[in-house]
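J.: got a predicted model here, sequence first, then my questions.
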Amino acid sequence: MKKAFSLMLLCWLFLPGAINAQSEPEYDLALRPSEFSLSKDVNNLIAGEKVRLYTYAENRGTKDASGYVVFTRGTQLLGQAEISLTAKGVKDEIYIDFEVPMGNFNILAKIMSVTPRDDNPDNNAALTQMFEVQKDTDGDGLGDKIDQDDDNDGVSDANEASLGTDSLKADTDGDGVSDALDEFPLDPLKSKKELPKPPVPPKADVKPPAPPVVAAPATAKPVAKAVPEKKPSLIANLLGKNDETPKAELVQDFYASPAIELLKQVKINVLQVNWNTYNFSFTTNSPDVDVSKLDYAWSFSDGTEVKANGEHRFSGTGQYFVSLKVKGPWENYLFDSVTVNVAFWSVFNYWLWLIVLALLAVGFLYAYGRHHNKSEGEVAPDEPLEEKEEKREMRQPKKRESS
C-alpha cells in the first residue's frame, strides 16, 4: 500500500512536465493581434497622407526560426518585413509605410516562408481594426469630423449650420467675400450693410440787409421790358426735375439711390472717327445704371484729362494709353484701360493721301513732258531726204534767234 502511494505521487509530479515537453512545438513564429499601432492618431486619418503601421512578432518555439511578415490591404500588397527570432527570445518590432486610401480599411499581417518550418500555423495571421478615413476640406491637417471649421473661413461649423451657410465652402454665395466678412453670406449681390446717412441740416434763410434809400433826382423812368418766364421742358415736367439741375447734384442723388449697388464693372468702348480722332465712351455690367450720372474721369497719355465721354484728337502718330476711373458704390473705384494706335500707314491719314496725290501729279507731268518732246522730234517717214535736210537747216536759225 505504501509503495502504491509513492508511485502515484511520482506520476503526479513528473507526468505534466513530460506531457508539456511533448506538446510544446520546436518551431513556432507568432503575431500579436492586439499590438497593432499607427504613427498617427487613428481618429484623424486623412486620405492621401503617408502613415506607418507597427506590430510585433515572437518565437514561441524551442528552436530559432526566420521568415517574412507580409502586409496586405484587400488584394493589394503593401509591403513585407524579414524576421529572424531566437527560441523563447524577446519579441521583434516590425513596420511598413503606406498611403491612406480614400475609404475605410483594415490590414492583414501574415507570417510566410518560415525556415526551417512552422509547427503551429494557427497564430501566423492577424487583422487590424477597421480604420475610418476622413476628408480634410481646408487642408489644415485636421479631418472634417474633428475640425471645428472645415472650410477655414473663420466661422465655426456650428454657427454655419445656424446661419444656413455651407460649412465646406468659405464663400457660400460666391461673391468673392468670405462668409466671415460677408454681412449677407447668402446674397451674391450684397456683402455690406448700408450705413445710415447723416441728416442734412436745413440751410438757414438769411436775407441780406436792405440797402439805404437815397433820394435820386426826378428823371423820366424807362419803360421796363417784359421778360418772359422760362418754363421747364416737357421731359423735366414728366420726370419732376428741372432741366438745369447741375450734374454734380444728379451724381450725388444717383449715388444715394439703391441702383448704384448694381455697379460692379466698367468697359471702355472706342470708335475711330478719322485718322487721329476717336470717340470714347463706356458701359457697365448693368443696363439699369445710367453712366451719365456716374462720377468718372478719362486720362490720356498725351497729358489730357476730361470728365465727359466724347471725341478726343491725338496730336500725332504713336501708341497712346487711355484709362478710365469710375467711382463705385462703396467709396471704391472701378478701372479699365485701352491702348490706341495712331498709325501713319492708315487709310484715315489725310497726310498720306496728300503725298500719294502729289506723287501721282509729278508722275503725270513727267509722262506728259516726255510724250510732248518725243512728238516734236519725230519726222514723217515718207519725206525725202532733201526735205528733211531743208527743214533741219530752217529750224537752226530760228533757235539762234530765239536764243
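T.: That came in fine, so what should we check first?

J.: what's the closest non-adjacent residue to Ser37?
T.: Spatial nearest neighbour of Ser37, chain neighbours left out: Tyr54 (4.8 Å); criterion: CB to CB, 6 or more residues apart in numbering. In short, each C-beta sits where N, CA and C put it, glycine included.

J.: buried residues in the helix or strand containing the one you found?
T.: For Tyr54, the element it lies in under DSSP states H and E is strand 50-59. Within strand 50-59, the residues that count as buried by 16 or more other CB atoms under 10 Å are 51, 53, 55-59.

J.: the residue nearest to Ser37 and Phe71, how far apart?
T.: Distance, Tyr54 to Phe71, using CB to CB, to the nearest Å: 11 Å.

J.: wait, Glu261 touches Asp187, no?
T.: No - counting by CB atoms under 8 Å, Glu261 stays clear of Asp187, with 10.8 Å between them.

J.: who has more neighbours, these two?
T.: Using other CB atoms under 10 Å as the criterion, Glu261 and Asp187 rank with Glu261 on top: 16 against 12.

J.: name the nearest residue to that one, ignoring sequence neighbours.
T.: Nearest to Glu261 is Pro329, by CB to CB, 6+ apart, at 5.1 Å.

J.: hang on, the one you found in a helix?
T.: No - counting by DSSP: H, G, I helix; E, B strand; the rest coil, Pro329 falls outside a helix, being coil.

J.: helices of the stretch 201-350 of the chain, residue ranges please.
T.: Listed in chain order, the helices of the stretch 201-350 of the chain (DSSP state H, counting those that start in this stretch) span 234-239, 247-255, 350-377.

J.: of those helices, which shows the lowest average pLDDT?
T.: Looking at those, the lowest mean pLDDT belongs to helix 234-239 (a mean of 41).

J.: show me which helix or strand of this structure is least confident by mean pLDDT.
T.: Least confident element among the helices and strands of the chain, by mean pLDDT, DSSP states H and E: helix 234-239 (a mean of 41).

J.: low-confidence ranges, the stretch 301-403 of the chain, go.
T.: Across the stretch 301-403 of the chain, residues meeting the criterion (pLDDT under 70) sit at 347, 375-388, 391, 393-403.

J.: how does it look with 50?
T.: Along the stretch 301-403 of the chain, the parts satisfying pLDDT under 50 run over 379, 399, 402-403.

J.: wait, the residue nearest to Ser37 touches Val69, no?
T.: No - taking CB under 8 Å as the definition, Tyr54 is not a contact partner of Val69, at 11.6 Å.

J.: need the overlap of contacts for those two.
T.: Counting by CB atoms under 8 Å, 6 or more residues apart in numbering, the contacts common to Tyr54 and Val69 are Ile94.
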